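**Q** no FASTA, just this:
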Ligand SMILES: Nc1ncnc2c1ncn2[C@@H]1O[C@H](COP(=O)(O)OP(=O)(O)OP(=O)(O)O)[C@@H](O)[C@H]1O
């Protein structure tokens, strides 16, 4: 089976600091892959290169039949609006907008009418149990509620791949696990692949596969957090 997303020989440095030293990784359709490893090993940098947010210094990133590493910023931004979703540790909701307006935002940017975008946003808030917060602004929500809204927003465009960087790292363990299991259930239902950065073995245990990084390279021992079969 041809992978949905495939990176080969990724190298990236920040000035004199090497972050990736030649990483190969493949993500299949609908697959849930945990990227693990100690602090500073390059997890976030890898995620940003795969999502087309950062350009690698060398190597390739292929999404379907496109080489996205060399595409223009505009083309990569469009890809992130349509085919990819991103979700970070702090959901980064727009503070001035209500939950429904935040979730509707990607649809409005995609040319949907306000009415249709709100209807679908409410549906997604409902999927994550926060429909009653539709007209509430993030400042009046708990951390878990904000992150549920952020999760709804990251999936509202029904992306083929969701890039999630420690998405529940700011929540208490129980809430974090709840939000993450809900996210994974919905992603599985709609066939969205997830690349999930985490250093938490409990979180990584939900993945189909673990890719462990060490010092900017895939750990050849493959031991990582030890979730593999
Ligand atoms: N913007 C930046 N400028 C300079 N160095 C950076 C920058 N971002 C990351 N680095 C460095 O690149 C290396 C890899 O960082 P990265 O954030 O990708 O690791 P990580 O595994 O995600 O770490 P953590 O688990 O702590 O978030 C580290 O040595 C880090 O200090």
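**A** Perfect, I can see it now. Note that the structure is predicted; figures quoted are calculated from it, not measured.
**Q** Tell me the residues on this protein that lie near the ligand, please.
**A** Within the chain, the positions near the ligand by CB under 6 Å from any ligand atom are 14, 17, 19, 37, 39, 40, 41, 42, 43, 44, 45, 199. Every residue, glycine included, has its C-beta placed from N, CA and C.
**Q** Show me the helices in the protein, by range?
**A** Counting by DSSP state H, one finds helices in the chain at the ranges 43-50, 73-82, 99-109, 114-127, 143-155, 173-190, 201-204.
**Q** Direction-wise, compare the fourth one with helix 99-109 and give the angle.
**A** In terms of direction (axes from the mean of the first three to the mean of the last three CA atoms, to 10 degrees), helix 114-127 departs from helix 99-109 by 130 degrees.
**Q** same for helix 114-127, what does it pack against?
**A** In terms of contacts (3 or more CB pairs under 8 Å, 6 or more residues apart in numbering; DSSP states H and E), helix 114-127 is packed against helix 99-109, helix 143-155.
**Q** Highest mean neighbour count out of the ones you listed?
**A** helix 143-155 (a mean of 24; mean count of other CB atoms under 10 Å).
**Q** so where is the chain shaky, pLDDT-wise?
**A** Applying pLDDT under 70 to the chain picks out residues 1, 91, 222-229.
**Q** Walk me through the domains of it.
**A** The chain breaks down into these domains under automatic domain parsing: 1-83+159-221, 88-158.
**Q** which one of the helices of the chain lies closest to residue 9?
**A** helix 43-50 (11.4 Å; CB to CB).
**Q** tell me which residues in the closest one are buried?
**A** Neighbour-count burial for helix 43-50, counted by 16 or more other CB atoms under 10 Å, picks out 43, 44, 45, 46, 47, 48, 49, 50.
**Q** Please apply the same query to stretch 189-209.
**A** Buried-residue list, stretch 189-209, by 16+ other CB under 10 Å: 192-200, 203-204, 206-208.
**Q** Quick one: distance of it to the chain centre.
**A** Here stretch 189-209 is found 10 Å from its chain centre; the criterion is CA atoms, centre = their mean, to the nearest Å.
**Q** Stretch 99-109 now?
**A** Using CA atoms, centre = their mean, the offset of stretch 99-109 from its chain centre is 17 Å.
**Q** who touches it?
**A** Outside stretch 99-109, the residues that touch it by CB atoms under 8 Å, 6 or more residues apart in numbering are 81, 93-94, 97, 112, 114, 116-118, 120-122, 124-125, 130, 133-138, 141, 149-150, 152-153, 156-157.
**Q** Likewise for stretch 66-86?
**A** 49, 51-53, 55-56, 59-63, 106, 109-110, 154-155, 157, 159-165, 192.
**Q** ok, back up a step: of all pairs in the buried residues of stretch 189-209, which one spans the longest distance?
**A** Counting by CB to CB, the most remote pair of the buried residues of stretch 189-209 is 192 and 199, 22.7 Å apart.
**Q** got a list of what residue 128 touches?
**A** Neighbours of residue 128 in contact, by CB under 8 Å, 6+ apart: 148, 149, 151, 152, 179, 182, 186.
**Q** So which of the residues of the chain next to the ligand sit within strands?
**A** Members of the residues of the chain next to the ligand lying in strands (criterion: DSSP state E): 14, 17, 19.
**Q** Let's have these in JSON lines, adding neighbour count and distance to residue 171.
**A** As requested, those are exported to JSON lines (neighbours: other CB atoms under 10 Å; distance: CB to CB, whole Å):
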{"residue": "14", "neighbour count": "9", "distance to residue 171": "29"}
{"residue": "17", "neighbour count": "9", "distance to residue 171": "30"}
{"residue": "19", "neighbour count": "25", "distance to residue 171": "26"}
